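Novice: structure, please.
(one chain, ligands or ions: 1)
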Amino acid sequence: MNGHFAIAIDGPSGAGKSTLARRAAKEFGFLYVDTGAIYRTVGLAAHRRGIDCHDEAAISALLPELEIRMGYNEAGEQRMFLNGEDVSSAIRAPEISICASDVSSLGAVRAFLLEMQRRTARESSVIMDGRDIGTVVLPEAELKIYLTASAEARAERRLKELEAKGVETSFDEVLRDIEYRDWQDTHREVAPLRRAEDAVLLDTSEIGLEESVALLCDTIHKRLQIGG
Ligand code: DC
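Specialist: As a prediction, the model looks like this:
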């Protein structure tokens with residue numbers, strides 16, 4: 001891979017992929033790429049135009065009008081730009097999570113975003129997280145991780161995050177959203193979420209954040225013989 005390492009982290013919504021991947025990227029000096037944010041940006045664009053996120057023809061017609069760019073701020077945080085506008089906060093709204101999951105089922109959207117993700121991995125050593133990174137986007141990644149946790153544990157954590165942001169919701173609503181996305185992400189025809197055969201399974205249902213970060217960093221260190 002042009003002297004670059006690629007680490008693929010896949011798993012269901014709310015398993016803590018982005019938090020853990022960001023921490024590990026910092027630890028090992030890799031670029032962190034949150035591919036969910038890219039799907040969210042497409043979902044946001046469709047939502048703003050009032051397009052039905054299941055309508056592949058309408059979404060396909062929209063794609064050429066979208067200039068999606070990833071940037072990084074001084075803290076190394078990934079920012080998403082949609083036609084020049086920083087949409088990093090807007091893409092986190094709960095209704096955009098659903099739109100992102102809906103548009104990510106569409107083959108046209110996945111094909112449109114594939115090259116952007118691969119190009120990023122050619123240019124830098126990356127820790128890339130998503131649903132199909134180890135299976136489709138970077139099947140040659142030096143290390144693949146499948147990060148998961150029970151739906152209840154994930155809903156509990158997501159509820160706390162939303163409450164901290166002042167979003168009014170309930171455990172049942174958050175669990176329902178997670179189960180909806182799990183079902184859709186694992187049952188879609190194109191690039192469904194599944195564990196690559198050679199992916200290391202990490203289950204964080206029973207462990208806290210710091211323990212999970214340590215487990216991930218230890219796995220990277222042992223498997224790739226780098227850092228730490
Ligand atoms: O990781 P996230 O919740 O930000 O992702 C938003 C949606 O995008 C999620 O429902 C599934 C989809 N997604 C995908 O299909 N493939 C990826 N590589 C990343 C995200």
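Novice: going by C-alpha atoms from here, please, whenever you check contacts or count neighbours.
Specialist: Fine.
Novice: so stretch 51-67, near the ligand or not?
Specialist: No. Stretch 51-67 stays clear of the ligand (C-alpha under 6 Å from any ligand atom), getting no nearer than 12.3 Å.
Novice: export only the CA atoms of that stretch, formatted as PDB.
Specialist: The C-alpha coordinates for stretch 51-67 follow below in PDB (Å, rounded to 0.1, in the frame of the first residue of the first chain):
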ATOM      1  CA  ILE A  51     -35.700  14.300  -1.500                       C
ATOM      2  CA  ASP A  52     -37.000  10.900  -0.400                       C
ATOM      3  CA  CYS A  53     -33.800   9.100   0.800                       C
ATOM      4  CA  HIS A  54     -35.000   5.800  -0.700                       C
ATOM      5  CA  ASP A  55     -35.500   7.300  -4.200                       C
ATOM      6  CA  GLU A  56     -32.400   6.100  -6.000                       C
ATOM      7  CA  ALA A  57     -33.200   8.000  -9.300                       C
ATOM      8  CA  ALA A  58     -33.600  11.300  -7.400                       C
ATOM      9  CA  ILE A  59     -30.500  10.800  -5.300                       C
ATOM     10  CA  SER A  60     -28.500   9.800  -8.400                       C
ATOM     11  CA  ALA A  61     -29.500  13.000 -10.000                       C
ATOM     12  CA  LEU A  62     -28.400  14.900  -6.900                       C
ATOM     13  CA  LEU A  63     -24.900  13.400  -6.600                       C
ATOM     14  CA  PRO A  64     -23.100  15.300  -9.400                       C
ATOM     15  CA  GLU A  65     -24.200  18.500  -7.700                       C
ATOM     16  CA  LEU A  66     -22.400  17.600  -4.500                       C
ATOM     17  CA  GLU A  67     -18.900  18.600  -3.700                       C
END
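Novice: how about that stretch: buried residues?
Specialist: Within stretch 51-67, the residues scored as buried using 16 or more other C-alpha atoms under 10 Å are 53, 56, 59, 63.
Novice: contacts for that stretch?
Specialist: For stretch 51-67, contacts defined as C-alpha atoms under 8 Å, 6 or more residues apart in numbering pick out 42-43, 45-47, 81-84, 99, 102-103, 106, 108-109, 112.
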